[in-house]
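[1] Predicted model follows, preceded by the sequence.
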Amino acid sequence: MAAAVTAAVSFPSSTKSTSLPVKIHSHCTRKNHFKKGAKAPAKVEKVSKKNEEGVVVNKFKPKNPYTGKCLLNTKITADDAPGETWHMVFSTEGEVPYREGQSIGVIPDGIDKNGKPHKLRLYSIASSAIGDFGDSKTVSLCVKRLVYTNDQGETVKGVCSNFLCDLKPGADVTMTGPVGKEMLMPKDPNATVIMLATGTGIAPFRSFLWKMFFEKHDDYKFNGLAWLFLGVPTSSSLLYKEEFEKMKEKAPENFRLDFAVSREQTNANGEKMYIQTRMAEYAEELWELLKKDNTYVYMCGLKGMEKGIDDIMVSLAAKEERLRNILPLVFLQELIGLSTKEV
Ligand SMILES: Cc1cc2nc3c(=O)[nH]c(=O)nc-3n(C[C@H](O)[C@H](O)[C@H](O)COP(=O)(O)OP(=O)(O)OC[C@H]3O[C@@H](n4cnc5c(N)ncnc54)[C@H](O)[C@@H]3O)c2cc1C
Ligand SMILES: NC(=O)c1ccc[n+]([C@@H]2O[C@H](COP(=O)([O-])OP(=O)(O)OC[C@H]3O[C@@H](n4cnc5c(N)ncnc54)[C@H](OP(=O)(O)O)[C@@H]3O)[C@@H](O)[C@H]2O)c1
């Protein structure tokens, strides 16, 4: 076992939250996989995750859930942000063995309008497999509080997200899972990993990035390129910004970080800065990376981003003379192998 590393999880200074000293001990798609040496992606080799060894799924089901405790719950968006997002850590005592990229189910307390227990909601795990405290005994989530106005003009609060965002340390949390094999990290430590996130879609990528840059593992040392594009509405809603900046300081050659702040930034044409708009600024570099046989693209977040990402990928491909006009969108989707969970 390797040495312990100390990192700090820090949240935007304008929030009411404080920094968390965290000790780390060593211990959201399909993938893009282009043939070696291909000038353009001639054939896509899909890597099925269905039979991934050692990945536990559904250890806990709604009929036999695991009850953990909330250890910590912190608002990570500023008070003036449009909406609230919280980072929370639950105890698992090592009983919920998950991998980076998996999700867990949460069954909120209480009953629904028919008097039945609430159904579970899925949440992408935001911590690496060893958890934020490095002891493999916790799991963390990044949850946006859902509040909307219905057609009758009433304010409606989402059941589970509000249950989670209101949890106090010490409270019980009923969990199921872990689930999902589609968003597992590539095993290749030299891979290029392009991560496209909107809002809380950042969760699985925080788990990847902690493993890559904040932890020491005997059997894994990331030496590839991780490139994160994160889209949020305002700078006051940038999630985990200080953590990511710390990673960049630690590994400037291995980590690239680009934010798209949709309500504050525009491109040269005055268009709203979505992540696909930001990606367009790097069209040539991205296309070169996409042609490599060990480049993997992951996408997680708002369903609506899918079309925009498809469009930017189409425009990247169109730059390749030999592909122009012959790539129907559907083929391109296969080609880039994007994960589209909710998305
Ligand atoms: C694989 C997966 C991973 C996920 N990971 C995360 C995560 O990491 N973080 C996270 O925050 N969420 C995540 N989600 C979403 C999460 O599962 C819940 O759907 C979300 O928290 C809302 O649940 P709720 O119980 O609060 O809302 P509910 O009480 O279930 O209400 C949601 C319903 O409200 C209605 N509704 C919602 N918005 C509006 C609107 N604007 N106008 C009208 N009606 C509306 C819709 O009918 C919607 O189905 C994930 C979902 C999936 C499938
Ligand atoms: N499936 C999973 O694994 C998973 C995991 C985590 C989260 N999620 C889901 O991801 C969603 C995240 O929502 P959120 O409320 O956290 O995000 P948010 O804070 O509202 O941020 C979303 C960002 O995406 C922008 N956006 C809107 N439409 C877009 C489009 N068509 N293309 C690109 N960007 C677009 C928004 O811009 P504007 O608002 O300014 O238009 C905003 O900047 C939730 O629905 C959550 O359920 C899914």
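    Happy to help now that I have it. Ligands and ions are numbered 1, 2, ... in the order given.

[2] end to end, how far does stretch 258-265 reach?
    13 Å (Cα to Cα, to the nearest Å).

[3] Which residues of the stretch 201-343 of the chain lie near ligand 2?
    201, 203, 231-233, 237, 262-263, 274-276, 300-302, 304-305, 308, 341-343 (Cβ under 6 Å from any ligand atom). The way it works is simple: take the backbone N, C-alpha and C, and place the C-beta from them, glycine included.

[4] Filter those residues down to the buried ones and hand me the PyMOL line.
    Selection of buried members from these for PyMOL, criterion 16 or more other Cβ atoms under 10 Å:
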select buried, resi 201+203+231+232+233+237+262+274+275+276+300+301+302+305+308+341+343
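
[5] who are the neighbours in contact with whatever residue of the stretch 51-200 of the chain ends up closest to ligand 1?
    Nearest to ligand 1, among the residues of the stretch 51-200 of the chain, is Gly158, at 2.2 Å (Cβ to the nearest ligand atom). By Cβ atoms under 8 Å, 6 or more residues apart in numbering, Gly158 lies in contact with 145-148.

[6] returning to that earlier point: show me the residues of the stretch 201-343 of the chain next to ligand 2 that map onto strands.
    Using DSSP state E, the subset of these located in strands is 231-232, 300.

[7] Would you mind measuring from the closest residue to ligand 2 within the chain to Glu253?
    Closest contact between the chain and ligand 2, by Cβ to the nearest ligand atom, is at Gly199 (2.0 Å). Between Gly199 and Glu253 the computed distance is 28 Å (Cβ to Cβ, to the nearest Å).

[8] Comparing these two, which residue is more hemmed in?
    The neighbour comparison of Gly199 against Glu253 (other Cβ atoms under 10 Å) goes to Gly199, with 21 against 7.

[9] How about that one, nearest residue that isn't a chain neighbour?
    Nearest residue to Gly199, sequence neighbours excluded (Cβ to Cβ, 6 or more residues apart in numbering): Gly301, at 5.5 Å.

[10] Now the phi/psi pair for that neighbour, please.
    Backbone torsions of Gly301, given as degrees, to the nearest 10, read phi 140, psi -140.

[11] now, which of the ones in strands among the residues of the stretch 201-343 of the chain next to ligand 2 sits nearest ligand 1?
    For those, the minimum distance to ligand 1 (Cβ to the nearest ligand atom) is 7.9 Å, reached by Cys300.

[12] That closest one touches Gly201, doesn't it?
    Yes - assessed by Cβ atoms under 8 Å, Cys300 is found in contact with Gly201 at 3.7 Å.

[13] just the helices in the stretch 201-343 of the chain please.
    Remark: helices assigned in the stretch 201-343 of the chain by DSSP state H, counting those that start in this stretch are 203-213, 241-250, 275-280, 283-290, 305-318, 329-336.

[14] where do the strands sit along the chain?
    So, for the chain - with DSSP E - the strands run 5-9, 20-24, 66-75, 85-91, 103-107, 121-124, 138-144, 147-149, 155-157, 172-179, 192-198, 225-232, 255-261, 295-300.

[15] which one of those strands has the lowest average pLDDT?
    With a mean of 20, strand 20-24 has the lowest mean pLDDT of these.

[16] what about this structure, any weak spots by pLDDT?
    The chain contains residues with pLDDT under 70 at 1-51, 319-343.

[17] picking up where we left off before, looking at the helices of the stretch 201-343 of the chain, which is closest to Gly94?
    Closest to Gly94 of those, according to Cβ to Cβ: helix 203-213, at 16.8 Å.

[18] Residues contacting that closest one, please?
    Taking Cβ under 8 Å, 6+ apart as the rule, helix 203-213 contacts 24, 28, 100-101, 123-129, 132, 141-142, 183, 185, 193, 195, 197, 217, 220, 222, 226, 228, 230, 240, 243-244, 247, 250-251, 254-255, 298, 300.
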